[in-house]
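[1] I would like the atomic coordinates for the input below:
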Amino acid sequence: MAEPSLLGVGVINDYTHPGTAGGAISQVDSTGTVNAGVVTQINSGNTFNGHDPRILGFFNTSDSQKPPRALVADYNYQAASTYGVFTPRRNVSTWGNPENISTSTDWHTNNPYSIVTNGNDMYIMGYDQNTIVKINTTNYTYTNTFYTYTPLTGKTGHGVDMDKITIGNTDYIVALFSNDDGSYGNYGDSQLVILDFSGKTISTCNLNANANSLNINITGNTPHAYITSYGGPQNAGGNNGSPYTSKLQIVDLTPPSTVIQTIGPKTTPVDAGDYIDVALVGSYAYVLTANYNDDFSQYTYMLVKVSQANLLNGTFDGNSSYTATVDSGATWLLAYDGTVLWFVAGKQVYTIDTSVAISSSALTLRANANDHSSDSQGLGISGAYGQLNTASVVIPYSATAGVSRAAARSAVSGGHTKFAKVMLPREVLEKLGRA
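    Got it, this is the predicted structure:
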């Protein structure tokens, strides 16, 4: 019997009051079964005091029989953050006690944005320290700081996203970094860095400003990275309106890595918003653009389904697209687990039928940020509902009961975790200390 895909989310009350304690981790599966509050505290008395619950699913790649794990973080950018390693389970009220509890001091990293695993080693990219640290998953202890990014002159570097890829017979980490001046208002070029697992830098590629997502696929024998970027600070209306700087770029990862295609701004049908995310499904790409309005009360988004071949040629020819406006919510994600395509749009969680053209009928609402006690689709609990804070696939769909491994280039696989993007006004980003 098949088992559904499982998405984990962080739930909070309000983005504009980051000092308010409280939060929860909840889950929804691809059939729409919601379990709210599967994690309400990492350790006794810590009910997400930082008001910033994070979740990143991952696998231990040294043991194919080990179930997937989830790194749950209570992020606090002004003090030490707390980390718990949990075992996600479908259709349960709680994940139980964590397998390990550590802190950002123990692991020498804060504000985790991406995970890559290789054997018993877990590599965590931190936004705050612009580093990648190596953690031994046999006992969850810090091994070393695997890589420290050197930012552009006069800028502060931030780890944004990373993935693992095999080129030839060699495994690499592909890491994406942004550069800003600390104000969330003045960005330099982003950079894509390819590293081998000795920590050696293989190549570095310059990209558009304020990059926000990295998505890799193999086309023929060529590894390609699809990278979205705001092109500058996040603005009401997005950067596909003036100053027209948001872009989707495609990089040939074969060393030395090079940009082979740049799309945008204002490439039909995309005429507004920012390029936020891409999901690669078979021979197609799903491209997400979105922006908030002047008073941050609503977001408008567009989903475009197009062949990867046409994107490689620099066009959206032959596309289907769908546009909608939703209530304000900062968490956005396209995540394909090898079978199920998840879409998080602010406060709402959907699955997308990938067998048809994109339209409203291709989207099925699975959950929202409401209080579960009054809404069966609600992911919130008493004291923590109203906004989704993060999202990550924690267990992929399985055609056979008990099998939890996903396709190699999926949202949660043997080597990679895909993490939701954050869209917030600059003044709120400064309060939260996040990108």
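[2] what bridges to the residue lying closest to residue 238 once chain neighbours are set aside?
    Here the nearest residue to residue 238 in space, its sequence neighbours aside, is residue 291; by CB to CB, 6 or more residues apart in numbering that works out to 3.2 Å. Every C-beta, even on glycine, is put in place using the N, C-alpha and C of the backbone. For residue 291, the beta-bridge assignment (DSSP bridges) gives partners residue 300.
[3] lowest confidence element among the helices and strands of this protein?
    helix 426-432 (a mean of 67; mean pLDDT, DSSP states H and E).
[4] Next up, the contacts around residue 265.
    Residues near residue 265 by CB atoms under 8 Å, 6 or more residues apart in numbering: 231, 239, 240, 244, 245, 246, 247.
[5] quick one: contacts for the fifth one?
    For residue 245, the contact set (CB under 8 Å, 6+ apart) comprises 208, 209, 230, 231, 232, 239, 265.
[6] phi, psi of residue 308?
    Note on residue 308: backbone dihedrals following degrees, to the nearest 10 are phi -60, psi -30.
[7] Give me the neighbour count for residue 233.
    Other residues lying near residue 233 total 18 when counted by other CB atoms under 10 Å.
[8] correct me, but it touches residue 184?
    Yes - applying CB atoms under 8 Å as the test, residue 233 and residue 184 come out as touching, 5.9 Å apart.
[9] Mind listing the shared neighbours of these two?
    Overlap of the contact sets of residue 233 and residue 184 (by CB under 8 Å, 6+ apart) consists of residue 426.
[10] before we move on, the earlier item: need the contact list for the residue nearest to residue 238.
    When contacts are counted by CB under 8 Å, 6+ apart, residue 291 touches 235, 236, 237, 238, 240, 272, 273, 274, 299, 300, 423.
[11] excluding its backbone neighbours, what's nearest the second one?
    Leaving aside its chain neighbours, residue 236 sits nearest to residue 294 (4.6 Å; criterion: CB to CB, 6+ apart).
[12] Surely the one you found is within a strand?
    No - judged by DSSP: H, G, I helix; E, B strand; the rest coil, residue 294 forms no part of a strand; its state is coil.
[13] mind pulling up the phi and psi values for it?
    Backbone torsions of residue 294, given as degrees, to the nearest 10, read phi -60, psi -40.
[14] swap in residue 330?
    The phi/psi pair for residue 330 (degrees, to the nearest 10) reads phi -100, psi -10.
[15] From residue 49, how far off is it?
    20 Å (CB to CB, to the nearest Å).
[16] One more: residue 386?
    If you go by CB to CB, the gap between residue 386 and residue 49 works out to 18 Å.
[17] Give me the three-state assignment for residue 361.
    When classified by three-state DSSP, residue 361 comes out as helix.
[18] Identify the residue spatially nearest to it, adjacent ones excluded.
    residue 353 (7.9 Å).
[19] low-scoring pLDDT stretches of this structure, where are they?
    Applying pLDDT under 70 to the predicted model, the residue ranges of the chain that meet it are 16-21, 61-65, 240-243, 399-417, 427, 430-435.
[20] Please name every helix or strand in contact with whatever helix or strand residue 124 lives in.
    Assessed by DSSP states H and E, residue 124 sits inside strand 121-126. In terms of contact count using 3 or more CB pairs under 8 Å, 6 or more residues apart in numbering; DSSP states H and E, strand 121-126 is assigned the packing partners strand 112-118, strand 131-136, strand 156-167.
[21] mind listing what that strand pairs with, with the direction of each?
    When DSSP bridges is applied, strand 121-126 pairs with strand 112-118 (antiparallel), strand 131-136 (antiparallel).
[22] Relative to the whole chain's centre, how far out is that strand?
    Centroid separation for strand 121-126 versus its chain: 14 Å, with CA atoms, centre = their mean, to the nearest Å.
[23] now what about that strand, what contacts it?
    Against strand 121-126 from outside (CB under 8 Å, 6+ apart): 58, 60, 71, 107, 109-117, 131-137, 143, 146, 159-162, 173, 175.
[24] Verify the stated contact: the residue nearest to residue 361 with residue 360.
    No - proximity of residue 353 to residue 360 does not meet the contact threshold set by CB under 8 Å, at 11.1 Å.
[25] Next, the buried residues of stretch 96-109.
    With burial defined by 16 or more other CB atoms under 10 Å, the residues of stretch 96-109 counted as buried are 98, 100, 101, 102, 103, 104, 106, 107, 108, 109.
[26] Please identify the buried residues of stretch 204-221?
    Along stretch 204-221, the positions that meet the burial threshold by neighbour count (16+ other CB under 10 Å) are 204-205, 207-217.
[27] could you dump it to CSV, C-alpha only?
    As requested, the backbone C-alpha atoms of stretch 204-221 are provided in CSV (Å, rounded to 0.1, in the frame of the first residue of the first chain):
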residue,chain,number,x,y,z
THR,A,204,33.0,30.1,-8.4
CYS,A,205,30.3,31.7,-10.6
ASN,A,206,28.9,35.3,-10.3
LEU,A,207,25.1,35.7,-10.3
ASN,A,208,22.4,38.3,-10.0
ALA,A,209,21.9,40.1,-6.7
ASN,A,210,20.0,38.6,-3.7
ALA,A,211,19.7,35.1,-5.0
ASN,A,212,17.1,33.0,-3.2
SER,A,213,16.9,29.4,-4.5
LEU,A,214,19.0,26.7,-6.1
ASN,A,215,17.5,23.8,-8.1
ILE,A,216,19.6,21.2,-9.9
ASN,A,217,18.7,18.8,-12.7
ILE,A,218,20.7,16.7,-15.2
THR,A,219,19.8,17.5,-18.8
GLY,A,220,21.4,14.8,-21.0
ASN,A,221,24.8,14.5,-19.4
